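**Q** Just to be clear, the model below is a prediction. Sequence and coordinates:
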Amino acid sequence: EAGVAQSPRYKIIEKRQSVAFWCNPISGHATLYWYQQILGQGPKLLIQFQNNGVVDDSQLPKDRFSAERLKGVDSTLKIQPAKLEDSAVYLCASSSGQGNSPLHFGNGTRLTVT
Amino acid sequence: GNSVTQMEGPVTLSEEAFLTINCTYTATGYPSLFWYVQYPGEGLQLLLKATKADDKGSNKGFEATYRKETTSFHLEKGSVQVSDSAVYFCALSLRNAGNMLTFGGGTRLMVKP
């Protein structure tokens, strides 16, 4: 089966600019997650979707970050305006949402804010 | 809250050495426990998991046992290879928290020939 697809792979922007990341989960996976992984740290959950509804966005900095999954399939994560501390790898993951189904991760988008 | 603590790296070993990476957790419920691996330039991959106390997860020569009494899930391998060089993440999930993963900080393993 095809894995979780993310694009772009790399992005460099200046602070105060905006950026968007795209994720296409594994076909049929109802649950989609966005994680932020700062260099040298473990991934931190930003937002979790179940189909097109938000399950948990308690750690999403809503003043600058937004995410949507309008049709319950692919998803976009946006940052506007970006800050230097947003430099990180943004990981998308999906799972079937059944029981203890494992999360499958994409390769991530590495964002550098200068 | 829920948290995972793992030993800081880097851990540097010679090929065929014994590996232990310590992981302890705190959780508000009864978690499932996982080890994920991140090879250079690649995404996170599930290495092994355990869903209840005393379960042993194993894969590719790695194993970890869910110890409820010590809230631990230490990763072990009897003989490491250069190809095992990667960053290893311990994680937990709770069913009543949407199965989202809470990760430790990661431990970088470097295996020298």
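**A** Great, that's in hand.
**Q** Show residues contacting stretch B:12-27.
**A** Contact partners of stretch B:12-27, identified using Cβ atoms under 8 Å, 6 or more residues apart in numbering or on different chains, comprise B:1-7, B:11, B:31, B:33, B:35, B:64, B:70-82, B:84, B:88, B:90, B:92, B:94, B:104, B:107, B:109-113. Using the backbone N, CA and C atoms, a C-beta is placed for each residue, glycine as well.
**Q** Over to stretch B:48-57?
**A** Outside stretch B:48-57, the residues that reach it (Cβ under 8 Å, 6+ apart) are A:100, A:102, B:30, B:32-35, B:58-59, B:62-68, B:73.
**Q** coming back round to it: put the buried members of the contacts of stretch B:12-27 into a ChimeraX selection.
**A** Buried residues within the contacts of stretch B:12-27, by 16 or more other Cβ atoms under 10 Å in any protein chain shown, are selected in ChimeraX with:
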select /B:4,6,7,11,31,33,35,64,71,72,73,74,75,77,80,84,88,90,92,94,104,107,109,111
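**Q** on that earlier part again, give me the buried entries from the contacts of stretch B:48-57.
**A** Buried among those (16+ other Cβ under 10 Å): A:Pro102, B:Ser32, B:Leu33, B:Phe34, B:Trp35, B:Phe62, B:Glu63, B:Ala64, B:Thr65, B:Tyr66, B:Phe73.
**Q** Which pair of the residues you listed spans the longest distance?
**A** A:Pro102 and B:Thr65 (18.9 Å; Cβ to Cβ).
**Q** what's the spacing between the nearest residue to B:Lys77 once chain neighbours are set aside and chain A?
**A** Sequence neighbours aside, B:Leu19 is the residue nearest to B:Lys77 in space, at 4.4 Å (criterion: Cβ to Cβ, 6 or more residues apart in numbering or on different chains). Separation of B:Leu19 from chain A (Cβ to the nearest Cβ, to the nearest Å): 19 Å.
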